[in-house]
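J.: here is a sequence with its predicted model. Questions after.
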Amino acid sequence: MKHEALLEACEQLQISLDVVERYYGYLNELIFHLESDCELVATNLQVPNQETIPAAITSMRGTIQRELGTCLEYQLRLKQLKGYIISEVDANKIEPLLLYFSRLFASYEDTLWICEQSQQEFHTERIVHGMLPSMSLQFLGGEGQLMLAKFTRTPKNWRDLHQRMIGHLHWLNALLETMVDGHPLFYPLMLSSQATNHCQTIVTTQIKARTALLRLEDVRNQLGHQISGRVFSLEILQLQSEVCPFPIVHKEGEE
Amino acid sequence: MTKASYSGVMGLLLGFKQEHEASIERLSNMHDIQFEPYCKLLIERIQTQVLDVIDDGIESLLLLQSIEESALPQETQERLNAFIIAAKQLSGPSKMGVYE
């Protein structure tokens, strides 16, 4: 009877770990899109403090990899534990593994309880390496996936990229809100959000420069006799030097 | 700067411009041979150090009046505002510096 109860708990934990693994996969995909969009900005436009952008995203990617690695290790150990329980080996082999999983079991129970609450609950959340906070799981399982669908199209111009940057900022900030202080993903997410904000400002400036250039041409046609001096020529030259054509992006498999 | 204050500043700058143009005219009409070199020097100074700066300020104001400020990149706004501030500063006692 005791073995059956243990096996059932292991099964539930297995399901929970599978979900976490899958959601880390979604997060990785979101990061992939964010990275390619930020790279597009950093390689084509003049970006001050350029090095901070890849550094923030690499830190995020590294943390995800480390956490996912821990999650995969749990799965492996869980298989080992299940094997021991089924083959009814010596209790001395099972006990250390049960101890190893004690915090994870507790976290699993907490997550179930938190998910049942009507309001957001951060006080009960337990920070366990390799796992995601309950609210983050809810976000990645719902809106996170919807956001992922938004990034499947290739951006065609700076306005497209601007919209994507707004999307990235949305999911980064929404995910950050679900994070518990001290979770390994908290600071990488915060840094990535700042880097994305920086990229978005640069894309906005690019769009504004293009609009301003067109408007200045209109103004020259309207007030030609009043403005033909240094300021106008200087601004036209300045804006022309800032404006950069949108690079042609080829996705893998596209011609 | 708000749109409403643009016209006020524009009036101010046009006023300065008129004053300095009048000064140039007065200086040009001085035919006393002993003052001629000084008059030439002053006219040149007014043209390069005052009128050019005021013209730049007026042009910047015209651009800001014609285009929504929010539609301009931050750096462009800052540059245009700097031209206007430089022109406005010529209204103070410092403008007299060119006559010294």
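T.: Thanks, I have the structure now.
J.: do you know how far A:Gln46 is from A:Leu81?
T.: In this structure, A:Gln46 and A:Leu81 are separated by 55 Å, where distance is defined by CB to CB, to the nearest Å. Heads up, the C-betas are built off the backbone N, CA and C, glycines and all.
J.: with A:Leu237 instead?
T.: Where A:Leu81 is concerned, A:Leu237 sits at a distance of 70 Å (CB to CB).
J.: look at the two and report which has more neighbours.
T.: Neighbour tally, A:Leu237 and A:Leu81, criterion other CB atoms under 10 Å in any protein chain shown: the higher count belongs to A:Leu81, 22 against 10.
J.: excluding its backbone neighbours, what's nearest that one?
T.: The spatially closest residue to A:Leu81, leaving aside those adjacent along the chain, is A:Leu97, at 4.5 Å (CB to CB, 6 or more residues apart in numbering or on different chains).
J.: now the one you found: how far from A:Val19?
T.: To A:Val19, A:Leu97 is 21 Å away according to CB to CB.
J.: one more: B:Leu64?
T.: As it turns out, when the distance is counted by CB to CB, B:Leu64 lies 56 Å from A:Val19.
J.: can you give me the mean pLDDT across the helix or strand harbouring the residue nearest to A:Leu81?
T.: A:Leu97 is part of helix A:91-116, with elements assigned from DSSP states H and E. For helix A:91-116, the per-residue pLDDT values average out at 85.
J.: just confirm A:Phe151 contacts A:Ile166, I think it does.
T.: No: proximity of A:Phe151 to A:Ile166 does not meet the contact threshold set by CB atoms under 8 Å, at 11.8 Å.
J.: up against chain B, what does the stretch 101-250 of chain A have?
T.: Applying the criterion CB under 8 Å from any CB of the partner chain, the portion of the stretch 101-250 of chain A that neighbours chain B consists of A:205, A:208-209, A:211-212, A:215-216, A:219, A:222-223, A:226-227, A:229-232, A:234-235, A:238-239, A:242.
J.: quick check: ChimeraX command selecting the buried ones in those residues.
T.: Buried subset of these, written as a ChimeraX selection, criterion 16 or more other CB atoms under 10 Å in any protein chain shown:
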select /A:205,208,209,211,212,215,216,219,223,227,231,232,235,238,239,242
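J.: what does stretch B:42-59 rub up against?
T.: Stretch B:42-59 is touched from outside by A:226-227, A:229-232, B:10, B:13-14, B:16-17, B:20-21, B:23-24, B:27-28, B:83-84, B:86-88, B:90, B:95, B:98-99, with contacts defined as CB atoms under 8 Å, 6 or more residues apart in numbering or on different chains.
J.: pull out the buried residues from those residues.
T.: By the neighbour-count criterion of 16+ other CB under 10 Å, the contacts of stretch B:42-59 include these buried positions: A:227, A:231-232, B:10, B:13, B:16-17, B:20, B:23-24, B:27, B:83-84, B:87-88, B:90, B:95, B:98.
J.: quick one, the biggest helix by length in chain A and helix A:91-116 angle?
T.: With secondary structure taken from DSSP state H, chain A has its longest helix at helix A:2-44. Helix A:2-44 runs at 60 degrees relative to helix A:91-116, counting by axes from the mean of the first three to the mean of the last three CA atoms, to 10 degrees.
J.: please name every helix or strand in contact with helix A:2-44.
T.: Other helices and strands packing on helix A:2-44, by 3 or more CB pairs under 8 Å, 6 or more residues apart in numbering or on different chains; DSSP states H and E, are helix A:52-86, helix A:91-116, helix A:134-141, helix A:143-150, helix A:158-178, helix A:186-222.
J.: near A:Gln80, how many other residues are there?
T.: By the criterion of other CB under 10 Å, A:Gln80 has 14 neighbours.
J.: which residues does the residue lying closest to it once chain neighbours are set aside contact?
T.: Excluding its sequence neighbours, the residue lying closest to A:Gln80 (CB to CB, 6+ apart) is A:Leu97, at 6.7 Å. With contacts defined as CB under 8 Å, 6+ apart, A:Leu97 is in contact with A:Arg77, A:Gln80, A:Leu81, A:Tyr84.
J.: so A:Gly141 touches A:Tyr23, yeah?
T.: Yes: when contacts are counted by CB under 8 Å, A:Gly141 is listed as touching A:Tyr23 (6.5 Å).
J.: please say which of the two ends up with more neighbours.
T.: It is A:Tyr23, of A:Gly141 and A:Tyr23, that has more neighbours when counted by other CB under 10 Å, with 21 against 13.
J.: quick one: the helices in chain B?
T.: Defined through DSSP H, the helices belonging to chain B, from first to last, are B:3-28, B:36-45, B:52-66, B:74-89.
J.: single out the most deeply packed of the ones you listed.
T.: Neighbour counts averaged per stretch over these are highest for helix B:52-66, at a mean of 21; criterion: mean count of other CB atoms under 10 Å in any protein chain shown.
J.: got the angle between that one and helix B:3-28?
T.: Going by the same axes, to 10 degrees, helix B:52-66 makes 150 degrees with helix B:3-28.
J.: I'd like the average pLDDT over helix B:52-66.
T.: Average pLDDT, helix B:52-66: 88.
J.: burial of residue 69, as a residue count?
T.: If you meant another chain, say so; for now it's chain A. Using other CB under 10 Å, A:Gly69 has 13 other residues around it.
J.: oops, I was thinking of chain B
T.: Counted by other CB under 10 Å, the residues lying close to B:Glu69 total 16.
J.: separation between it and A:Gln206?
T.: With CB to CB as the criterion, B:Glu69 and A:Gln206 are 18 Å apart.
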